[in-house]
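Q: sequence unknown, structure follows:
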């Protein structure tokens, strides 16, 4: 089954927006009003229930992104791009965090001033936000898949809204500064663009060339969803639901491999 790949977004525009987000994040980080902005946004998030923010922040975990992108493509394209993004994003995040070694809000501000959701994250590996990077990478891949499948364009706006809300959840739960989200989001746009571009160099453009890949990716995501303790007890049912969604997708894919019976063929 040959598919039509949509070209990657215009790199000049895409990387300009990504660079603008990163530069803005750096400026915000060094501003005198960054702590007050953090507290203001963290308290404003109280307008929505903790359950909502817990589910959003769990949706930005690496295994969740593997599931949420892979299931969008019934061939192997979704698995190919999200696996590429997962690897690239992991390298970027785990290289920059220890190198910058910046304190999280809970380590720099009075803990009584912050509203924490789930287990408080207090360490010195704050920037960039890995969740924001993963969320904007996921939004980029969703948009590219939407264009490749000629789905309605309003789904692109929905994708960006979901990805942005996932990123904002990190301020809502008290785990990241606003600057971390901006820098992580900019990096996520870059990683997403590269992840979409790399599959063009894979050995085949046949959407069924690697049928085992989405099964492996979704099994990995399901295993993580059903076994990991992510420190968000309010979102545990949502975490399990994502795992169940991945397993349902795996069973659907495996069922499609079975040859038809003589009655079905007739």
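A: Done, it's in. Predicted model only: the values in this text are computed from it and were never measured. Residues are numbered from 1 along each chain as shown.

Q: How about the contacts made by residue 105?
A: 38, 42, 114, 126, 174, 175, 176, 177 (CB atoms under 8 Å, 6 or more residues apart in numbering). The way it works is simple: take the backbone N, C-alpha and C, and place the C-beta from them, glycine included.

Q: can you rerun that using 6 Å?
A: Residue 105 makes contact with 38, 114, 177, according to CB atoms under 6 Å, 6 or more residues apart in numbering.

Q: What's the separation between it and residue 43?
A: Residue 105 is 12 Å from residue 43, where distance means CB to CB, to the nearest Å.

Q: related to what we said a few turns ago, using a markdown table, lay out the contacts of residue 105 together with neighbour count.
A: A markdown table is the format used below for the contacts of residue 105 (neighbours: other CB atoms under 10 Å):
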| residue | neighbour count |
| --- | --- |
| 38 | 23 |
| 114 | 20 |
| 177 | 28 |
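
Q: can I get those residues in TSV with pLDDT and distance to residue 91?
A: Shown next, in TSV, are the contacts of residue 105 (pLDDT from 0 to 100; distance: CB to CB, whole Å):
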residue	pLDDT	distance to residue 91
38	96	28
114	93	30
177	96	22
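
Q: what's in contact with stretch 81-101?
A: So stretch 81-101 is in contact with 62, 66, 69-70, 124-125, 127-128, 130, 133-134, 137, 141, 187, 191, 195-196, 198-199, 217, going by CB under 6 Å, 6+ apart.

Q: Could you say whether residue 151 sits in a helix, a strand or coil?
A: Counting by DSSP: H, G, I helix; E, B strand; the rest coil, the backbone at residue 151 sits in coil.

Q: how far away is it from residue 72?
A: 10 Å.

Q: Just the contacts of residue 105: which are in helices?
A: Those of the contacts of residue 105 mapping onto helices are residue 38, per DSSP state H.

Q: how long is stretch 43-63 from one end to the other?
A: End-to-end span of stretch 43-63 (CA to CA, to the nearest Å): 29 Å.

Q: how deep is residue 156 tucked in, by neighbour count?
A: 16 (other CB atoms under 10 Å).

Q: what's the answer for the one 5 residues further on, then?
A: If you count neighbours by other CB under 10 Å, residue 161 ends up with 11.

Q: what about residue 151 and residue 72, which has more around it?
A: residue 72 (20 against 14).

Q: Three-state assignment for the more buried one, please.
A: coil.

Q: right, and it touches residue 145 too?
A: Yes: using CB atoms under 6 Å, residue 72 makes contact with residue 145 at a distance of 5.4 Å.

Q: list the helices and strands the helix or strand hosting residue 215 packs on?
A: Counting by DSSP states H and E, the element that carries residue 215 is helix 212-227. When contacts are defined as 3 or more CB pairs under 6 Å, 6 or more residues apart in numbering; DSSP states H and E, helix 212-227 packs onto helix 62-70, helix 77-100, helix 236-257.

Q: what's the most buried one of those helices?
A: Among these, ranked by average contacts under mean count of other CB atoms under 10 Å, first place goes to helix 62-70 (a mean of 26).

Q: can you state the direction angle for that one and helix 212-227?
A: 140 degrees (axes from the mean of the first three to the mean of the last three CA atoms, to 10 degrees).
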